[in-house]
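[1] Provide a 3D model corresponding to the input given below.
(2 chains)
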There are 2 protein chains.
Amino acid sequence: MKTYTVHFLPADVTAEVEDGVTIADAAQSVDVFINNLCGGQGLCGKCRVQIAKGRAQTEEDAKKFFSPDELMKGYVLACQTPVHDNLEVVIPPESRMEDSKIMIGGPTDESPKTELKPIVKKVYLELPPPTGEDNVPDIERISRELRKQFGWHAFDVPLDCLQHLSDNLRQNDWKVTVTLAKTGDRYRILKIHPGDTSHANYGLAIDVGTTTVVVQLVDMNTGKVLGSEGRHNQQATYGEDVISRVIYACGKGGLAPVQKAVIRNINELIKKLSTDHNVPIEEINAAVAAGNTTMSHFLLGLSPCSIRLDPYVPTADEFPQIRAEQIGIRINPRGVLQTIPCVASYVGGDIVAGVMSCGIPEHEEIRGLIDIGTNGEIAIGNKDWLVCCSASAGPAFEGGGTRCGMRAVKGAIEKVVISEGQLDYQVIGNAKPRGICGSGLIDCIHELVKNGIIDPLGKFQRDRKDERLRIEDNIPEFIIAYPEETESGAAVVITESDIDNLIKSKGAVFAAIKSLTDYIGLGFDMIETFYVAGGFGSYLDISKSIAIGLLPDISREKIQFIGNSSLTGARMALLSETAMETCINVSRSMTNIELSTYQPFTEEYIAALFLPHTNRKLFPSVTY
Amino acid sequence: MKTYTVHFLPADVTAEVEDGVTIADAAQSVDVFINNLCGGQGLCGKCRVQIAKGRAQTEEDAKKFFSPDELMKGYVLACQTPVHDNLEVVIPPESRMEDSKIMIGGPTDESPKTELKPIVKKVYLELPPPTGEDNVPDIERISRELRKQFGWHAFDVPLDCLQHLSDNLRQNDWKVTVTLAKTGDRYRILKIHPGDTSHANYGLAIDVGTTTVVVQLVDMNTGKVLGSEGRHNQQATYGEDVISRVIYACGKGGLAPVQKAVIRNINELIKKLSTDHNVPIEEINAAVAAGNTTMSHFLLGLSPCSIRLDPYVPTADEFPQIRAEQIGIRINPRGVLQTIPCVASYVGGDIVAGVMSCGIPEHEEIRGLIDIGTNGEIAIGNKDWLVCCSASAGPAFEGGGTRCGMRAVKGAIEKVVISEGQLDYQVIGNAKPRGICGSGLIDCIHELVKNGIIDPLGKFQRDRKDERLRIEDNIPEFIIAYPEETESGAAVVITESDIDNLIKSKGAVFAAIKSLTDYIGLGFDMIETFYVAGGFGSYLDISKSIAIGLLPDISREKIQFIGNSSLTGARMALLSETAMETCINVSRSMTNIELSTYQPFTEEYIAALFLPHTNRKLFPSVTY
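    From the prediction side, this is the model:
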């Protein structure tokens, strides 16, 4: 079979592929990441690339994504263009999968005060040498000391820890450092090291999000966070949303590449943290990962196929503690990985970690957690009970499904104000705008409806005179940033169909909150605090979120934006046995309300497709 | 460096070695096994070989082992002769390490009646498929069913059992076979197999003896023994006795080859059993091994060095359940190996298994177990208490340390009677005699003292006229088989120094029994039954053993020869969770009396160096 070379720019990487392979697959084969919201189905049009040298024809259906001028210039969809020639392919900025530093977001860097009992401990022991009267076996001498000093019982000792133990002890004057992991109600000895190495014991908290992967490096001896790094989940090359990835994994491609993509992400982040903070990989002894149920399955290489099929059954909702190495995560080869347990197919370990991190299961008063992403997940409860539900919100809040939507990274408009006819925006990283992220879109809709540019159904007042309002192909759109202000030279706009998508998203989230509180028979006002988590970067305007009907209309100070609570929870579980136990208890005791079969939800959803809501009594403070 | 070839006959195997390597090491390098009682120190003279072609000089010190005629014929000690030429080396029968089928010995083939709850179970499940109302995770569906059917709780599930579970269940109509191992108080799932494979579940009981390794293949579904195979422990190439092997392992050679030798033995036996009984290796899911503390350490690759040094501390006395594969034992790759726990450095899992197999810890009445080998181990107790001790008996009962001693294999004289001046003997396998084994030596001494040929000190009556009595180099010896009767054409004799060694051995065993009963304040008559175990083949004359003062003089029916109780115990532990728990309880609760620091033992030992004993009141029934 013929092979061709495909040279990608600006990455300057060359793939060698067989005749007929798509440009998208060629890029994937050499780790060049191109946007791919729909998983290569030719539906999203986000993988546009320009052929600079060589001949290539995009499929007929894909041409609708381009103007005649663009087609002339050689633009094609990477996923819909087979390679039949040696090519040079330019990937324009809008098609590059963002690899820049992402925002960790929210107040996650301060450890909530917890006991310091990390999942992996290092204990330095100076043992009394054996005598005729005290000649217990070597390993018993160690476990006896651990029992005596810490009250720990029940040790599992793997064979390799025993194999050189005798010489180890005698050559090092009976001074050793024991590394142990807590798993369930037992301690497992991971390593018995000569001398005192107890000063170096690091761990990782990992948030495995659908959109972004964040890794935090923690000193497990002090609980101090040394640094955090985030990156877009490169699984997006197999589909932007979870369902596309599941279809890919359960179809032609198989699970392995999807698993590998996120493992590679994690390893890159670990490497960077290790280098930046001067912590050798070998001294990282534990990792705790939190993700939604599907992401947890991907991470561990468990088949996700039945999660998306009625009756939505995962393989597992509690996961064994494994050696991180088993799935290719590069830390100390004996280091462990614990994945936070899940509740159900659509309420994952990220929510469990979040609920724990907010202290919901510890207090008498009722608290709620709202996690806004592709799914909106709501959990409400206190120390006696916990209920939760999940509603599909669509990708709008994460920058998908909208013309100029993007994630909360450099170049994203995150804040919009229209005051006295004047529009101002704020861009992440003080850069030229490239698009608009979730918090920017929420702001934008609020400003549009408040200023009467759109009506409560989200429709533009077409007859209104506003230089920013224009109509393209009979769809009205509003210009947020003019072409001359942007990086690419194309305007950043919000279209009527974007607004429609956003209203559906906010409607789903609000309907979920309303359905859940109704189900348990509580008014919003009976909830002490609502914690709002999500990938909005470091910014979310609570008042505007209420005003568009995304969040319930309660006293503003009862609502707290807490950023990435999944990461916070993972870190707490890394550092505290009690926090880990709480996660297990939450996952076992939380009642999941399946909204897809819960009749009142549909009615609530329809009622919420309005700004702020068809029932204005629910939003007394909203004045527009 | 120069290399030479050494061609071994009759094995017809050629080694290529560097200049200066000994013939013994050359043989080892190509798996030709030559007797080596002293571990290559040139002390035992058992590795005699004949140089047929080429030139080789044995070390000066080694010449004492040969007659001038033998030296002329090219006899050398393999361990004391460096290779400086291409050689052809003939290994005479007396120097070949026996590889013929060894006697399993004693009534071990009948399983004592125990509950059938094997260490590894296979359970066939037909699960109800999930519905909207019953959508627990797949693994929970399995563990729920196991809880329901068997009341089992607490499952460990390794990641690889989860990874294809989802597809497995759905493609096989929710019918699976779960293989589980019991470890401590938990069940570990080893494998989840599509369909019903529960009919095939085999296990191995392994007795890892210093001298012989015996493997028994058992159907774990029925408890039936399918077959047993034994072989001499090829670790003997690194030293006949345990201490020589420890010196080798802790010195130049390292532990690895010593461990590998016994693993190779075990694998060969498994292969033979698997072939002979048509049981695929993959259907063998478990093995339980029993051995003394040092052999258990060798098996698992644990350093044995501190066991032989004051204060005699092993690495461990309880051993983790491992995948057999981890140490190279070839059964199902997920199959487990459990090694029976030990009590102390010189009271091992073989004794623990033996004590359990005799039912000592279950009964009100007091019972004793005497295991006679290189060490004599004694355990006494009942359901409330257990004490034990160990005394070095030397290799005499196992065929070592005597001129014509050999193990209980084909060609060994196992029975000797002298009646009215007429000597008769019985040879194992109805072959021509090649030597004499432990039971034959016991018989022989008894016959000699009873007939007045030796005195109670074991000295020959030199003036006595007996054609079988001759004096060589001023050491009297007694001919048991004349040259013309034997395979090699050399007489099988017992010398005065052989008898001396045997008296020391029997004295040590008796002194240990006496010390232990005195320690606990019991007369022999208060012990309901003495079980006698040991590698005597299928035969041991209890009356003669008493008459030479090896066993206490109690009613004969109170003494039972039970053969290989270590193997019996290992099989019981393989087949019964309760038996395994009993072993753990025995190992933890048995009190070990350290005879080396127990003053009365020395006195008892000296008093026992007499036939039957210096205190004849202890042996009222002995009439000679």
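[2] Check the closest residue to residue A:392 other than its chain neighbours and give its pLDDT.
    Leaving aside its chain neighbours, residue A:392 sits nearest to residue A:375 (5.8 Å; criterion: CB to CB, 6 or more residues apart in numbering or on different chains). Where C-beta positions appear, they are placed from N, C-alpha and C, glycine not excepted. Looking at residue A:375, its pLDDT reads 88.
[3] and the stretch 1-150 of chain A, which residues reach chain B?
    A:130, A:131, A:132, A:134, A:135, A:136, A:137, A:138, A:139, A:140 (CB under 8 Å from any CB of the partner chain).
[4] Likewise for the stretch 301-450 of chain A?
    Residues of the stretch 301-450 of chain A lying near chain B (CB under 8 Å from any CB): A:301-306, A:310-317, A:319-320, A:322, A:326-327, A:344-345.
[5] repeat that with 7 Å
    Contacts of the stretch 301-450 of chain A with chain B, taken as CB under 7 Å from any CB of the partner chain, map to A:301-303, A:305-306, A:311-317, A:320, A:322, A:326.
[6] rewinding a little: among the residues of the stretch 1-150 of chain A next to chain B, which ones are in helices?
    Counted as lying in helices by DSSP state H, out of the residues of the stretch 1-150 of chain A next to chain B, are A:138, A:139, A:140.
[7] between those residues, which is closest to residue A:14?
    residue A:139 (55.1 Å; CB to CB).
[8] Among the residues of the stretch 1-150 of chain A next to chain B, the buried ones, what's the ChimeraX command?
    In ChimeraX syntax, the buried subset of the residues of the stretch 1-150 of chain A next to chain B is picked out as below (16 or more other CB atoms under 10 Å in any protein chain shown):
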select /A:130,135,137,138,139,140
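[9] can I get the residues of the stretch 1-150 of chain A next to chain B in a markdown table with pLDDT?
    What follows is the residues of the stretch 1-150 of chain A next to chain B, written out as a markdown table (pLDDT from 0 to 100):
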| residue | pLDDT |
| --- | --- |
| A:130 | 96 |
| A:131 | 93 |
| A:132 | 87 |
| A:134 | 93 |
| A:135 | 91 |
| A:136 | 94 |
| A:137 | 96 |
| A:138 | 96 |
| A:139 | 96 |
| A:140 | 95 |
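[10] Pick out the most distant pair among the residues of the stretch 1-150 of chain A next to chain B.
    A:132 and A:139 (19.3 Å).
[11] Contact residues of the stretch 501-624 of chain A facing chain B?
    So far as CB under 7 Å from any CB goes, the stretch 501-624 of chain A lies against chain B at residue A:597.
[12] Now the stretch 501-624 of chain A against chain B: closest residue?
    Using CB to the nearest CB, residue A:597 is the residue of the stretch 501-624 of chain A that sits closest to chain B, at 6.7 Å.
[13] Now do that residue against residue B:135, distance only.
    11 Å (CB to CB, to the nearest Å).
[14] My understanding was that residue A:205 contacts residue A:574; is that so?
    Yes. The criterion here is CB atoms under 7 Å, and residue A:205 meets it with residue A:574 at 5.3 Å.
[15] Which one's more surrounded, the two?
    residue A:205 (29 against 25; other CB atoms under 10 Å in any protein chain shown).
[16] Model confidence score at the more buried one, please.
    We have a pLDDT of 98 for residue A:205.
[17] Pull up the pairing partners for the strand or helix carrying it, direction included.
    Using DSSP states H and E, residue A:205 falls within strand A:202-208. Sheet pairing of strand A:202-208 (DSSP bridges) gives strand A:212-219 (antiparallel), strand A:284-291 (parallel).
[18] Need the winner for burial among these.
    strand A:284-291 (a mean of 30; mean count of other CB atoms under 10 Å in any protein chain shown).
[19] residues making contact with the next helix or strand after it?
    Next along the chain after strand A:284-291, taking DSSP H and E as the criterion, comes helix A:293-300. The contact list for helix A:293-300 (CB atoms under 7 Å, 6 or more residues apart in numbering or on different chains) reads A:208, A:210, A:235, A:242, A:246, A:258-259, A:262, A:289, A:291, A:304, A:307, A:314-315, A:319, A:327, A:339, A:342, A:345-346, A:348-349, B:159.
[20] Please repeat the previous calculation with a cut-off of 6 Å.
    By CB atoms under 6 Å, 6 or more residues apart in numbering or on different chains, the residues outside helix A:293-300 that reach it are A:208, A:242, A:258, A:259, A:304, A:307, A:314, A:339, A:342, A:345, A:348, A:349.
[21] okay, these in JSON lines with pLDDT next?
    Putting the contacts of helix A:293-300 into JSON lines (pLDDT from 0 to 100) gives the following:
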{"residue": "A:208", "pLDDT": "96"}
{"residue": "A:242", "pLDDT": "88"}
{"residue": "A:258", "pLDDT": "96"}
{"residue": "A:259", "pLDDT": "97"}
{"residue": "A:304", "pLDDT": "95"}
{"residue": "A:307", "pLDDT": "93"}
{"residue": "A:314", "pLDDT": "96"}
{"residue": "A:339", "pLDDT": "98"}
{"residue": "A:342", "pLDDT": "97"}
{"residue": "A:345", "pLDDT": "92"}
{"residue": "A:348", "pLDDT": "97"}
{"residue": "A:349", "pLDDT": "98"}
